[in-house]
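Engineer: Below: sequence and its predicted model.
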Amino acid sequence: MIRIVADTTCGLSLDLLKQLGVEVLPQIITFGNESFRDDTEMDTVSFLEKLRSSKTLPGTAAPPPMLYAPIYERILAADDTALVITPSAKVSGTFRSATVAANELRSDRIHILDSNTVAGGLGSLVLAARSWIDAGLNIDELKENVTEMASRERLFFLVPTLEYLYKGGRIGGASRLVGTLLQIVPILTIKDGQVDTFDKVRTLKQATRTIVDLTSAYCAGNPEPYLTISQCDSEPLASQVSAELTLATGIQDIPKYTVPPAIVVHAGPGLIETSCFVARS
């Protein structure tokens, strides 16, 4: 049997992941000398409360290798195979931690994939992988499918300020916008695994319209768009985007996720993101 190992940056609820039999690792949130797991010790609501009262910006750390080790050992002891799907190695140390732990066990039944994405798109990859396991794919077929699907993601997001991305070192190709944001609303994406600028517009309304138009165009005539919306502290805008995408695409009940604290640390409150996957060519 193939067992999926994910982490909280996939945005899926812990209850759903448990129901699916997916092992999940926490990210570590730090406020000064304090640290918290974002699966059992801190959720997004409590994180935002602490963020607003904190005088310094928080930080994050990837799940340490010692947290992967017992999961790997359980999977191997059951004679199963592990497929670890991590957030982009260019924005998180999770891939490295998973690899360090796997190297200690020297097993060819632990497979680690860098998704080159995060949040809703990563969650979609986990869900797709779970369905392919149920369909009977072997590990090589599964890795090929996940990698191919990841290459088809189209992700766009807005943040009220680049302060969090800049100070957290996750700004990537969007760094050229720092210091030039007067009367500019950047539309951001993830390119080659790191944050990059897709476009610059003048108003939030225009930026939202652009994201809805782009995303709905990618979903048109697509039988499996895996369309999702992710947000933090921006529920009204997320609901607006959801309604407009439903009207434009006909897709009902678009999954809407609240991103976990580890993503808010670097994107900041007010995040809104859409993710979908273009049809196979």
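Structural biologist: Nice, thanks for sending it over. Residues are numbered from 1 along each chain as shown.
Engineer: Next one, pLDDT for the residue lying closest to Asn116 once chain neighbours are set aside please.
Structural biologist: Nearest residue to Asn116 in three dimensions, chain neighbours excluded: Gly193, at 4.1 Å (CB to CB, 6 or more residues apart in numbering). For every residue, glycine as well, the C-beta is placed using N, CA and C. On the pLDDT scale, Gly193 is placed at 92.
Engineer: Would you enumerate the residues in contact with Gly193?
Structural biologist: Going by CB atoms under 8 Å, 6 or more residues apart in numbering, Gly193 touches 88-91, 114, 116-117.
Engineer: and which of these is nearest to Pro65?
Structural biologist: Pro65 lies nearest to Ala89 out of the contacts of Gly193, by CB to CB, at 14.8 Å.
Engineer: Could you check which helix or strand contains that closest one?
Structural biologist: Assigned by DSSP states H and E, Ala89 belongs to no helix or strand.
Engineer: ok, it - contacts?
Structural biologist: Going by CB under 8 Å, 6+ apart, Ala89 touches 95-96, 114, 193.
Engineer: I'd like the residues you listed written out as CSV, with distance to Pro58 and secondary structure added.
Structural biologist: Below are the contacts of Ala89 laid out as CSV (distance: CB to CB, whole Å; DSSP: H, G, I helix; E, B strand; the rest coil):
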residue, distance to Pro58, secondary structure
Phe95, 22, helix
Arg96, 21, helix
Asp114, 25, strand
Gly193, 23, coil
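Engineer: Would you list the buried entries among these?
Structural biologist: Applying 16 or more other CB atoms under 10 Å to the contacts of Ala89, the neighbour count classes 95, 114, 193 as buried.
Engineer: residues touching the first one, list them.
Structural biologist: So that's Phe95. When contacts are counted by CB under 8 Å, 6+ apart, Phe95 touches 86-89, 112, 114.
Engineer: wait, which of the contacts of Ala89 is closest to Pro236?
Structural biologist: For the contacts of Ala89, the nearest to Pro236 is Gly193 (30.7 Å; CB to CB).
Engineer: What separation do you get for the closest one and Glu41?
Structural biologist: Distance, Gly193 to Glu41, using CB to CB, to the nearest Å: 28 Å.
Engineer: Tell me which two of the contacts of Phe95 sit farthest apart.
Structural biologist: Longest span within the contacts of Phe95, CB to CB: Ser88 and Ile112, 13.0 Å.
Engineer: of those two, who's got more company?
Structural biologist: Using other CB atoms under 10 Å as the criterion, Ser88 and Ile112 rank with Ser88 on top: 24 against 21.
Engineer: Ramachandran coordinates for that one?
Structural biologist: With angles defined as degrees, to the nearest 10, Ser88 sits at phi -50, psi 130.
Engineer: sorry, back to before: from the contacts of Ala89, which single one is nearest Ile28?
Structural biologist: Of the contacts of Ala89, the one sitting nearest to Ile28 (CB to CB) turns out to be Arg96, at 14.0 Å.
Engineer: on that earlier part again, output the buried ones among the contacts of Ala89 in CSV, with distance to Phe277 appended to each entry.
Structural biologist: Output for those, formatted as CSV (distance: CB to CB, whole Å):
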residue, distance to Phe277
Phe95, 21
Asp114, 17
Gly193, 16
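Engineer: Quick one: the strands in the stretch 51-200 of the chain, in order.
Structural biologist: Assigned by DSSP state E, counting those that start in this stretch, the strands in the stretch 51-200 of the chain fall at 59-61, 81-86, 110-114, 153-158, 185-191, 194-201.
Engineer: And these: which comes nearest Leu20?
Structural biologist: strand 81-86 (12.6 Å).
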